[in-house]
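Q: A structural model of the following input is requested.
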Amino acid sequence: MMRAFVVALLLACFLANAALGLKGPFQAAIQATGDETVQKKSAAPPAGEITSLLGYDGKLRSRHYGGYITVDEENDRNLYYYLVESEGAVESDPVVLWLNGGPGCSSFDGFIYEHGPFLFGWGSSSKVQLRDNPYAWNKVATMIFLDSPSAVGLSFSGVEGDYSANDTATAADSNTFLRKFFNRYPHLKNNDFYIAGESYAGIYVPMLTREVVEGNRRGQKPHINIKGYLVGNGCTDAHFDGNAQVPFAVGKSLIPLTLFLQINQACGSNYYDPQPGSRCEVLLSKVNKDLSHLNLYNILEECHHKSLAPAGAAAVSLADLLQQNMLYQQLREHHQTWPITGVVRQGSKVKNWAQLGLLGHNPPCTLTTEADAWLNDPAVRDALHAASTDVTGPWTICSDRIDYTADAGSMLPIHKQLTRDRGLRALIYSGDHDLCVPHTGSEAWTAAIHRKPTQSKPTARSDSSSSSSDDAAEAAAAGVVTPWQPWFNSESPKPQVAGYMVEYDSGMTYATVKGAGGHAGGWLAVQLSVITWLIVGLDAACGSLMGCALAPPSTRLHLVWGKDVSAEVPVGQPLCVCMIHDCVLCSRAFR
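A: Residues are numbered from 1 along each chain as shown. Below is the predicted model of the structure:
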């Protein structure tokens with residue numbers, strides 16, 4: 001659903017930085033002098049171009065497009081997309097498809113509240129105001145924001161009963177969309193392509209990635225140049241997701257250690273599916289009570305539990321619902337508890353917050369007033385080449401029209417197939433304060449799918465060479481090529497730990513983002529740092545990622561671990577930098 005934190009782009013390497021005499025394919029940057037922006041030229045066709053937007057003053061920094069692609073002619077099923085071209089080199093920068101989760105929540109969540117080209121806020125005249133987002137992902141990639149399935153956001157079907165969907169059908173429709181999209185924008189079809197998303201997109205992303213890969217193998221046209229995918233705090237596997245919340249809670253001191261030990265004894269490390277009436281269920285209910293008033297999507301952020309009921313409805317707050325047990329009753333009908341977890345059971349109907357009908361269309365602790373006002377304004381709809389509310393209904397962050405069945409089951413076999421068998425790169429990342437799909441589950445499953453069968457080891461000697469040999473053997477058994485270590489981000493001269501990462505031999509990287517989870521507003525600088533980190537680190541000729549920093553405007557850069565490696569940087573020009581195995585400085589500048 002709505003968790004925004006650092007999401008990285010697994011893209012091609014660049015070996016930039018003219019100060020060190022290195023060259024790479026991503027040298028181009030936005031050219032600006034004062035307030036004047038030079039918009040990059042594009043070979044894109046003019047159809048569907050967005051030239052101005054209500055609330056935004058000035059010329060757009062790159063070319064924007066919007067519109068519909070019909071994925072099912074018989075049912076007149078139309079998916080809406082918003083395309084933002086890269087502010088760098090459109091002809092060579094990667095293309096990234098972004099999907100929000102739900103299921104049934106709009107990808108305008110990502111566009112407006114996470115990493116889109118604008119920062120949205122209220123102006124002095126009580127109108128929505130847009131200003132440039134200096135850390136937008138389209139600084140380094142062409143972004144596609146897709147509303148999928150057809151009942152979601154601005155997407156619609158011409159047949160009233162065509163709002164039933166499942167994982168398999170959603171992937172098939174999105175694959176059809178992409179084939180038609182690249183036919184419509186042929187200047188992008190040879191660029192490296194990645195699929196990214198968060199929350200229930202932990203299902204969407206690998207399902208669609210597999211559909212694209214297998215479509216290519218079947219000869220579907222045009223061929224899509226897919227290189228990898230990214231999943232943030234994504235639903236993945238019922239066992240790992242369901243067992244993640246209790247270890248997360250004790251690790252963050254949200255429940256006492258004594259309760260955790262009692263739960264372990266009563267539940268046998270199975271925390272999400274207790275027998276009714278058992279001691280395990282009683283103890284887990286205590287956990288739910290302790291966690292129930294936290295912000296589900298970032299436990300560090302406040303949650304005022306204000307009423308989110310639609311206009312004219314009786315005011316109700318999350319606290320009221322918890323006290324009256326109404327929320328528990330609703331969730332129990334769908335085999336869930338509060339705080340809700342990312343557990344997805346194969347064959348089950350999956351409900352989003354809009355369909356629970358308790359807090360309006362919004363998830364708890366979230367407000368989308370800017371998006372509601374802007375996307376339901378007729379002038380904005382016209383500028384976006386979107387259908388009117390008479391056709392789509394009012395835009396809401398999550399749709400109450402969708403009837404969604406989870407039919408795919410665990411994503412673990414698909415992740416293994418895509419990375420090991422099909423050679424794709426994958427980044428699995430977690431904001432480490434998200435309670436809904438906690439990092440404890442993502443860390444566990446990424447490790448589990450790489451663990452090789454254990455073999456009996458000979459009795460170890462006590463010398464240091466034996467210890468090193470044992471460490472190497474353990475890393476090999478775990479499928480680890482770069483062991484768990486911090487990565488760095490800073491807007492001060494001294495780099496700070498921004499999270500932790502580990503790389504596996506399949507081409508998958510798992511990373512955490514310290515303090516993240518929830519809306520991206522406080523994490524914009526971190527986002528840009530991680531984007532550049534992944535672009536630089538994964539394909540660098542001299543090895544794996546060792547550390548990163550987002551440099552402040554300054555004339556010199558000093559990198560991680562006190563290394564005396566520096567570069568001249570013009571004043572006022574932020575620079576993302578990485579040290580790769582102590583042997584090369586990789587960077588890309590953004591003005």
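
Q: Show the model's pLDDT score for Trp484.
A: Note for Trp484: predicted pLDDT of 93.

Q: number of nearby residues for it?
A: 13 (other Cβ atoms under 10 Å). In short, each C-beta sits where N, CA and C put it, glycine included.

Q: which phi and psi does it have?
A: phi -50, psi 130 (degrees, to the nearest 10).

Q: where exactly do the helices run in the stretch 301-450 of the chain?
A: Secondary structure of the stretch 301-450 of the chain (DSSP state H, counting those that start in this stretch): helices at 318-324, 326-333, 353-356, 369-375, 378-383, 389-392, 412-416, 439-448.

Q: I'd like the next helix or strand past the last one.
A: Translated: helix 439-448. Next in sequence after helix 439-448, counting helices and strands by DSSP states H and E, comes helix 464-477.

Q: pull the CA atoms of that following helix into CSV?
A: Coordinates of each C-alpha in helix 464-477 appear next as CSV, following Å, rounded to 0.1, in the frame of the first residue of the first chain:
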residue,chain,number,x,y,z
SER,A,464,43.3,-17.2,12.0
SER,A,465,43.6,-18.9,8.6
SER,A,466,41.1,-21.5,9.6
SER,A,467,38.7,-18.7,10.8
SER,A,468,39.0,-17.0,7.4
SER,A,469,38.5,-20.2,5.6
ASP,A,470,35.3,-20.9,7.7
ASP,A,471,34.0,-17.4,6.9
ALA,A,472,34.6,-17.9,3.2
ALA,A,473,32.8,-21.3,3.4
GLU,A,474,29.9,-19.8,5.2
ALA,A,475,29.6,-17.0,2.6
ALA,A,476,29.6,-19.5,-0.2
ALA,A,477,27.0,-21.6,1.5
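
Q: Determine the set of other helices and strands touching that helix.
A: Here helix 464-477 touches no other helix or strand, going by 3 or more Cβ pairs under 8 Å, 6 or more residues apart in numbering; DSSP states H and E.

Q: Give the buried residues for that helix.
A: Within helix 464-477, no residue is scored as buried using 16 or more other Cβ atoms under 10 Å.

Q: do the same with stretch 82-100
A: 82-90, 92-100.

Q: Return the subset of the residues you listed lying in strands.
A: 82-84, 95-99 (DSSP state E).

Q: What is the burial count for Glu74?
A: 8.

Q: Also Phe488?
A: Neighbour count for Phe488, taken as other Cβ under 10 Å: 23.

Q: Specify the beta-bridge partners of it.
A: Val497 (DSSP bridges).

Q: with the ones in strands among the buried residues of stretch 82-100 in mind, which one is nearest to Phe108?
A: Closest approach between those and Phe108, by Cβ to Cβ: Tyr82, at 7.6 Å.

Q: now for the helix or strand hosting Val213, which elements pack on it?
A: Assigned by DSSP H and E, Val213 belongs to helix 201-217. If contacts are counted by 3+ Cβ pairs under 8 Å, 6+ apart, helix 201-217 sits against strand 95-99, helix 167-184, strand 193-198, strand 226-232, helix 412-416.

Q: So for Ile428, which of these sits nearest?
A: Of all those, strand 226-232 sits nearest to Ile428, with 5.3 Å by Cβ to Cβ.

Q: what lines up beside the closest one in the sheet?
A: strand 193-198 (parallel), strand 425-431 (parallel).

Q: Average the pLDDT values over the first one and round to the nearest integer.
A: This means strand 193-198. Mean predicted lDDT for strand 193-198 stands at 93.

Q: can you check the last one too?
A: Mean pLDDT, strand 425-431: 90.

Q: so that strand versus helix 439-448, what angle?
A: Angle of strand 425-431 versus helix 439-448, following axes from the mean of the first three to the mean of the last three Cα atoms, to 10 degrees, is 150 degrees.

Q: Next, the buried residues of strand 425-431.
A: Neighbour-count burial for strand 425-431 [16+ other Cβ under 10 Å]: 425-431.

Q: Also stretch 190-210?
A: So stretch 190-210, judged by 16+ other Cβ under 10 Å, has buried residues 191-210.
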